[in-house]
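K.L.:
Sequence first, then the predicted structure:
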Amino acid sequence: MSAVPARPALRDPALLQRWSLLLLAAVLAWPLLVWTEFNPATLADARSLEHTWRFVRDFVPPRHDAEFLALLARETWRTVAMATAGMALAWLIAVPLALLVTARLSVSAISGRMDSVPAVLRQAVRWVLIVLRSIPELVWALVFVRVVGLGPTAGVLAIAIAYGGMLGKVYAEILESSDATPSQALLRNGSGRLQALLFGALPQCSSELVSYTVYRWECAIRSSVVLGFVGAGGLGQQLDNAAKMFAGPEVSAILLVFMALVWLSDRVSLVLRRWMA
């Protein structure tokens, strides 16, 4: 009976590379932690633990009287409305800019070399997107609070401008990553950019576009909460007031509403993806 040959020892060929990258990341992260004065031991300090426990202990039970719940429902609706209105305006900004910046939908680029005027225009639009998304929505809100006054209008405008730049950039990248054959075939046969988008690019990447848009709507809800701290109204302003007054039950109730809103946006995204599948 012939002996079974011994199997060679299995060895990961990329093991050394992975460990080298991990070591390099640790070496680069260490000075960053030092410069930021990050010290996890501070969290385990007796005084820190005592103050943390005292603050968290007041969270239970959350405030649930009828008057506060009515206020919470009203401010929740205002927060969702602010995020939704801001996202609608952002979408109106992002779609035309994304179409202009996407080279896959350029008629002049079919031959392989884009004309100078469309190339310059596309670069200018790309810089517009950079400017829109480079300034955080919190800074835009501070600007608009001084222009239009306190209230949700400042938050809507801040979300619209900042998210318009983000959506436009990602929309363009998603369209650029799709298969160019259907779009270019339509353009070569005389179709316009809109027809090439609707019948060439969108059938491939519509699910990804919708998923990212709903994710950004979820981010807009969180941003609208943060914008409330600078006077844009909504749940953020209520959270700021409750935290300043050390009202733990109110803070915990508002945080629970935040979690419910994020869960709701996740369910909406799931339903839309299943519907489009």
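P.N.:
It's in. Numbers count the residues shown, from 1 in each chain.

K.L.:
now the strands for the stretch 1-150 of the chain?
P.N.:
Taking DSSP state E, counting those that start in this stretch as the criterion, the stretch 1-150 of the chain carries no strands.

K.L.:
so where's it uncertain?
P.N.:
Residues of the stretch 1-150 of the chain that meet the criterion pLDDT under 70 lie in 1-12, 105-115, 118.

K.L.:
the helices in it, which residues?
P.N.:
Taking DSSP state H, counting those that start in this stretch as the test, the helices found in the stretch 1-150 of the chain are 15-35, 46-57, 66-101, 116-134, 137-148.

K.L.:
so how far is residue 132 from residue 125?
P.N.:
For residue 125, the distance to residue 132 equals 11 Å [CB to CB, to the nearest Å]. For the C-beta atoms, the positions are set from N, CA and C on the backbone; glycine is no exception.

K.L.:
How about residue 17?
P.N.:
For residue 17 relative to residue 132 (CB to CB), the value is 39 Å.

K.L.:
So which of these two has more stuff around it?
P.N.:
residue 132 (23 against 10; other CB atoms under 10 Å).

K.L.:
residues contacting that one?
P.N.:
93, 161-162, 164-166, 168 (CB atoms under 8 Å, 6 or more residues apart in numbering).

K.L.:
Select from the residues you listed the one having the most neighbours.
P.N.:
Counting neighbours by other CB under 10 Å, residue 168 leads the contacts of residue 132 with 28 neighbours.

K.L.:
Does the strand or helix carrying it pack against any helices or strands, and if so which?
P.N.:
Per DSSP states H and E, residue 168 falls inside helix 152-177. Using 3 or more CB pairs under 8 Å, 6 or more residues apart in numbering; DSSP states H and E as the contact definition, the elements that helix 152-177 packs against are helix 66-101, helix 116-134, helix 137-148, helix 202-227.

K.L.:
If I take that helix and helix 66-101, what angle do their directions form?
P.N.:
Following axes from the mean of the first three to the mean of the last three CA atoms, to 10 degrees, one obtains 40 degrees for the angle between helix 152-177 and helix 66-101.

K.L.:
I figured residue 246 hits residue 59, correct?
P.N.:
No: using CB atoms under 8 Å, residue 246 makes no contact with residue 59, being 11.3 Å away.

K.L.:
How many residues are close by residue 150?
P.N.:
What residue 150 shows, counting by other CB under 10 Å, is a neighbour count of 13.

K.L.:
Tell me which residues touch it, please.
P.N.:
By CB under 8 Å, 6+ apart, the contact set of residue 150 is 231-233.

K.L.:
buried ones in the strand or helix carrying residue 264?
P.N.:
Per DSSP H and E, residue 264 falls inside helix 248-276. Applying a neighbour-count criterion of 16 or more other CB atoms under 10 Å, one finds 248-254, 257-258, 261, 265, 269 buried in helix 248-276.

K.L.:
Same list (these) but as TSV, adding distance to residue 116 and pLDDT.
P.N.:
Supplementary listing: the buried residues of helix 248-276 in TSV, determined by distance: CB to CB, whole Å; pLDDT from 0 to 100:
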residue	distance to residue 116	pLDDT
248	63	79
249	64	84
250	60	85
251	58	85
252	60	86
253	59	88
254	54	87
257	53	87
258	50	84
261	48	83
265	43	77
269	41	73
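
K.L.:
and which of those residues is nearest residue 179?
P.N.:
residue 269 (24.3 Å; CB to CB).

K.L.:
Correct me if wrong: the closest one contacts residue 216.
P.N.:
No: at 10.5 Å, residue 269 does not count as touching residue 216 under the criterion of CB under 8 Å.

K.L.:
Quickly list what's touching both of the two.
P.N.:
Common neighbours of residue 269 and residue 216, counting by CB under 8 Å, 6+ apart, are absent.

K.L.:
just to revisit the earlier point, residue 63: which of the buried residues of helix 248-276 is nearest?
P.N.:
Using CB to CB, residue 249 comes nearest to residue 63 of the buried residues of helix 248-276, at 3.9 Å.

K.L.:
list the contacts for the closest one?
P.N.:
Residue 249 touches 58-63, counting by CB under 8 Å, 6+ apart.

K.L.:
Repeat the analysis, applying 7 Å as the threshold.
P.N.:
Listed by CB atoms under 7 Å, 6 or more residues apart in numbering, the contact set of residue 249 reads 58-59, 61-63.

K.L.:
Checking residue 232 next. Helix, strand or coil?
P.N.:
Classification of residue 232 by DSSP: H, G, I helix; E, B strand; the rest coil places it in coil.
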